[in-house]
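Engineer: Below are the sequence and a predicted model for it; my questions follow.
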Amino acid sequence: MFGFLLQRAWQACIVVVAMSVLVFCGVHAVGNPVDVLISPDATQDIRASVIAQYGFDQPLWRQYLGFVGRLIHSDFGRSFVYNMPVSELILSRLPATLELTLAAVLFASLVGVPIGMYAGYRPHSFVSRAIMALSILGFSVPTFWFGLMLIMIFAVQCGCMPAGGRGETVSLFGTEFSFLTADGLSHLVLPALNLALFKFSLMIRLARAGTRELMLSDTVKFARAAGISEFTILRRHVLRLISIPLVTVFGLEFGSTLAFAVVTETIFSWPGLGKLIIDSITSLDRPVMVAYLMLIALLFTLINLVVDLTYALLDPRLRKGRA
């Protein structure tokens, strides 16, 4: 088990280093922040002074080494637009995005998996067909349109839900959370539903496919012959056997949801990282762009590492190095 963990950790380090190179070079190839930072009427002396101040006159490799040196000390630089440390800026927005993402993925998993298992257990029933039709709708409907419809129906027509914002928050361990208050929870419902739509449909179809296949397997036949109840078979045998692909999807979808929550945060005016990165791209705020992309790359790497370790816990063959 230790060798497996060490191998995966080494691979994760290589991925992070490679991503740092790609992210830094890619961001620095797009636009010139000097054109945003300096007035067009500025003299050449002022322009040269600002370029030297931010180190834009140095070769790209030297800029990258300086970036890595600062990164080792958890220093992402200062934002050009907000004039504050990038780490503080991102940490102030990260809890809102994490809260929204976790709520969406948990809803998609905790509701989608049982529904999908029922659809696989009773594949020819009317309810199962309705569930599959719902999942197809979730794949087909664009996220922005679904979000606008949620606002139109529940905020404008019914007036029972707020249209945007985060609502009232409560500080817990120095971090602001909105789900701990009634007002904050009401603000969280609609954006979480909007963000969970695609993941909800994906979980339904994966759970249905796995359940339908396993219900025909010898494992289930032997369990039934032993007199085990159907609910116990589904809970102990089927759910455990389909858990490996579900764990993979849960991990990857959590990372992708965190990275691509931009549309939902924009529609519902959710004060998270999505809106911050859009504003940073518009203003060519390079330190914020690099820090955001590195954070997403690191999160994806960590999520994949956790998924691999979960595999090892679920499948003993991986721990013994036979698979």
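Structural biologist: Received the coordinates, thanks.

Engineer: Spatially central residue (nearest the centroid) of this protein, please.
Structural biologist: Central residue check for the chain by CA atoms, centre = their mean: the C-alpha nearest the mean position is that of residue 258, 2.2 Å away.

Engineer: quick one: it from residue 46, how far?
Structural biologist: Counting by CB to CB, to the nearest Å, the separation of residue 258 from residue 46 is 40 Å. The C-beta positions use only the backbone N, C-alpha and C, and glycine is treated the same way.

Engineer: Please apply the same query to residue 60.
Structural biologist: The spacing between residue 60 and residue 46, counted by CB to CB, is 24 Å.

Engineer: tell me what the longest helix anywhere in the chain is packed against?
Structural biologist: Scanning the chain for the helix with the most residues, using DSSP state H, yields helix 86-121. For helix 86-121, the contact count by 3 or more CB pairs under 8 Å, 6 or more residues apart in numbering; DSSP states H and E identifies helix 126-140, strand 175-177, helix 182-214, helix 243-259, helix 262-267, helix 273-283, helix 286-314 as packing neighbours.

Engineer: for these, which one sits closest to residue 73?
Structural biologist: Distance to residue 73, taken as CB to CB, is lowest for helix 286-314 among the helices and strands packed on helix 86-121, at 13.6 Å.

Engineer: Measure how that closest one sits relative to helix 273-283, angle-wise.
Structural biologist: Taking axes from the mean of the first three to the mean of the last three CA atoms, to 10 degrees, one finds helix 286-314 and helix 273-283 inclined to each other by 140 degrees.

Engineer: Okay, angle between helix 286-314 and helix 86-121 too, please.
Structural biologist: Inter-element angle recorded for helix 286-314 and helix 86-121: 40 degrees (by the same axes, to 10 degrees).

Engineer: wait, doesn't residue 99 sit right on residue 176?
Structural biologist: No. The pair residue 99 and residue 176 fails to qualify as a contact (CB atoms under 8 Å) at a distance of 9.0 Å.

Engineer: Neighbour count: the two, which is higher?
Structural biologist: With neighbours defined as other CB atoms under 10 Å, residue 99 and residue 176 compare such that residue 99 has more, 23 against 17.

Engineer: Now for residue 294: which residues touch it?
Structural biologist: Taking CB atoms under 8 Å, 6 or more residues apart in numbering as the criterion, residue 294 is in contact with 19-20, 23, 71, 76.

Engineer: Can you convert the residues you listed into CSV and add a column each for distance to residue 244?
Structural biologist: Written out in CSV, the entries for those read as follows (distance: CB to CB, whole Å):
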residue, distance to residue 244
19, 26
20, 31
23, 31
71, 34
76, 36
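
Engineer: Name the nearest of those relative to residue 211.
Structural biologist: Taking CB to CB as the measure, residue 19 is the one of the contacts of residue 294 closest to residue 211, at 36.4 Å.

Engineer: quick one on the thing from earlier: quick check: buried residues in the longest helix of the chain?
Structural biologist: Of the residues in helix 86-121, 86-87, 89-90, 92-101, 103-105, 107-109, 112-113, 115-121 count as buried by neighbour count, 16 or more other CB atoms under 10 Å.

Engineer: quick one: residue 48 from residue 61, how far?
Structural biologist: Residue 48 is 21 Å from residue 61, where distance means CB to CB.

Engineer: again but with residue 194, I slipped
Structural biologist: 43 Å.

Engineer: And for residue 5?
Structural biologist: According to CB to CB, residue 5 and residue 61 sit 33 Å apart.

Engineer: Looking only at neighbour counts, state which of the two leads.
Structural biologist: Under the neighbour definition other CB under 10 Å, residue 5 and residue 61 were set side by side, and residue 5 has more, 14 against 9.

Engineer: That one contacts residue 306, correct?
Structural biologist: No. Between residue 5 and residue 306 there is no contact under CB under 8 Å: 11.2 Å.

Engineer: check contacts around residue 204.
Structural biologist: Contacts here follow CB under 8 Å, 6+ apart; on that basis residue 204 touches 112-113, 115-116, 119, 131-132, 134-135, 138.

Engineer: I misspoke; the intended subject was residue 22.
Structural biologist: Under the criterion of CB under 8 Å, 6+ apart, the contact list for residue 22 is empty.

Engineer: where does it fall, helix, sheet strand or coil?
Structural biologist: Taken by DSSP: H, G, I helix; E, B strand; the rest coil, the conformation at residue 22 corresponds to helix.

Engineer: Got the confidence number for it?
Structural biologist: Turning to residue 22, the model gives it a pLDDT of 84.

Engineer: now do the same end-to-end measure for stretch 135-149.
Structural biologist: One end of stretch 135-149 sits 18 Å from the other (CA to CA, to the nearest Å).

Engineer: For residue 64, pull up the helix or strand it's in.
Structural biologist: Residue 64 is part of helix 60-72 when elements are defined by DSSP states H and E.

Engineer: can you list contacts of that helix?
Structural biologist: Helix 60-72 has contacts (CB under 8 Å, 6+ apart) with 20-21, 24-25, 28, 55-56, 58, 76-77, 290, 294.
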